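In: fold the following.
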Amino acid sequence: MNYHFIAIGGSAMHNLALALHDSGHQITGSDDALYDPAQTR
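Out: Below you'll find the model as predicted:
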């Protein structure tokens, strides 16, 4: 399944996106900026 996240740079949305990606889903997202820990992953 495909998921698109708005505000993917925050810690909560980023972790959810990573979990879904690791489960085999297609992930896209948008944000104004990336913040730690999303920036370093």
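In: hey, where'd the strands end up in this structure?
Out: 2-6, 26-30 (DSSP state E).
In: and stretch 2-11, end to end?
Out: Distance across stretch 2-11, first residue to last, is 20 Å (C-alpha to C-alpha, to the nearest Å).
In: list the buried residues for that stretch?
Out: 5, 8, 9 (16 or more other C-beta atoms under 10 Å). All C-beta atoms are positioned from the backbone trio N, CA, C, and that covers glycine.
In: contacts made by that stretch with the rest, please.
Out: For stretch 2-11, contacts defined as C-beta atoms under 8 Å, 6 or more residues apart in numbering pick out 13-14, 16-17, 20, 25-35, 37-39.
In: at 6 Å instead, please
Out: Residues outside stretch 2-11 that contact it (C-beta atoms under 6 Å, 6 or more residues apart in numbering): 13-14, 17, 20, 25-31, 33-35, 38.
In: just among those residues, which is most surrounded?
Out: residue 14 (22 neighbours; other C-beta atoms under 10 Å).
In: what pLDDT does that one get?
Out: Note for residue 14: predicted pLDDT of 87.
In: which of the helices and strands in the chain ranks last by mean pLDDT?
Out: helix 11-22 (a mean of 91; mean pLDDT, DSSP states H and E).
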